[in-house]
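Enquirer: Sharing a model that was predicted from the sequence below.
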Amino acid sequence: MKGIIMLEHVFGFLTMAFACGMVLWGLPAQIHKNRAEKHCGVALPVILLMLAISSSRIAYSLTLGAFYLIIPDSLGLLLFLIIYRQYLRYR
């Protein structure tokens, strides 16, 4: 049983690391591109969907106590809020 719990922590950490990598690489690149072009290349329904998904995943992670997921989802929510602000500014 102890091996299963340890494996859960390993996979939890890997999930957090890969999600943070995606959030810290992909979304800042989009933010930079939007700023350089003075145009938001993401459609509003996609932005709103990602804001809803990030918010619901944070709430779900809090209820489960899955703190590995809260970190990348919080970063994703913050970055998608920036993209949403860019959408409003550059439309």
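Expert: In hand now; what should we look at?

Enquirer: Which residue lies nearest the spatial centre of this structure?
Expert: Ranked by distance to the mean C-alpha position of the chain (Cα atoms, centre = their mean), the top residue is residue 76 at 2.3 Å.

Enquirer: measure that residue to residue 87 for me?
Expert: To residue 87, residue 76 is 16 Å away according to Cβ to Cβ, to the nearest Å. Heads up, the C-betas are built off the backbone N, CA and C, glycines and all.

Enquirer: Likewise for residue 13?
Expert: With Cβ to Cβ as the criterion, residue 13 and residue 87 are 33 Å apart.

Enquirer: what's the answer for residue 19, then?
Expert: Applying Cβ to Cβ, the value for residue 19 to residue 87 is 23 Å.

Enquirer: who's in contact with residue 71?
Expert: Residue 71 makes contact with 16, 19, 20 under the criterion Cβ atoms under 8 Å, 6 or more residues apart in numbering.

Enquirer: and the helix or strand where it lies, what's its mean pLDDT?
Expert: Element membership for residue 71 (DSSP states H and E) is helix 67-90. The average pLDDT within helix 67-90 is 90.

Enquirer: Over to stretch 9-16?
Expert: Mean predicted lDDT for stretch 9-16 stands at 80.

Enquirer: Many thanks, have a good one.
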